[in-house]
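A.B. asks: take a look and give me a structure for this.
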Amino acid sequence: MKQYKTIQLQLKPEIEARLITQATKQGLSIESYLESLIEDSLKNQEEKSFSQVTTEEDWETALMNLINSPAFAVAPPLSDAAISRDSIYTREDEML
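C.D. replies: Here you go, the predicted model:
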């Protein structure tokens, strides 16, 4: 039988609310969600960084790990205005 260690954390109310929201979205208990975040974080620390990637397969694996990381789950999507051609290119670009 597995033995687990209990760890207590004091969280800011806004952090707790975000964790609960994300856990609910994924259909997990807060405990399961936190466990998955910690496991993913530890796994990502052990994996190669982008600067150490040597093969296309390693690159794709590293990119998929980044895309599926919890950081992207809380990042707001960019607005249409933020990625419009007008916001990317400026008049200075036309002068080059």
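
A.B. asks: in the helix or strand hosting D40, which residues are buried?
C.D. replies: Assessed by DSSP states H and E, D40 sits inside helix 30-46. In terms of neighbour count (16 or more other CB atoms under 10 Å), helix 30-46 has its buried residues at Y33, L34, L37, N44. C-beta coordinates here come from the backbone N, C-alpha and C atoms, glycine included.

A.B. asks: what's the first helix or strand after it?
C.D. replies: Using DSSP H and E, the helix or strand that follows helix 30-46 towards the C-terminus is helix 56-67.

A.B. asks: pLDDT of that next one, averaged?
C.D. replies: What helix 56-67 shows for mean pLDDT is 82.

A.B. asks: what of stretch 13-29?
C.D. replies: For stretch 13-29, mean pLDDT rounds to 91.

A.B. asks: for that stretch, buried residues please.
C.D. replies: Buried residues in stretch 13-29, counted by 16+ other CB under 10 Å: L19, Q22, A23.

A.B. asks: quick check, central residue of this protein?
C.D. replies: Taking CA atoms, centre = their mean, the centroid of the chain lies closest to A71, which sits 2.1 Å from it.

A.B. asks: so which elements touch the helix or strand hosting it?
C.D. replies: Assigned by DSSP H and E, A71 belongs to helix 70-74. Judged by 3 or more CB pairs under 8 Å, 6 or more residues apart in numbering; DSSP states H and E, helix 70-74 is in contact with helix 13-25, helix 30-46.

A.B. asks: now distance to W59 too, for these, in JSON lines please.
C.D. replies: Listed next are the helices and strands packed on helix 70-74 as JSON lines, based on distance: least, CB to CB, whole Å:
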{"stretch": "helix 13-25", "distance to W59": "28"}
{"stretch": "helix 30-46", "distance to W59": "15"}
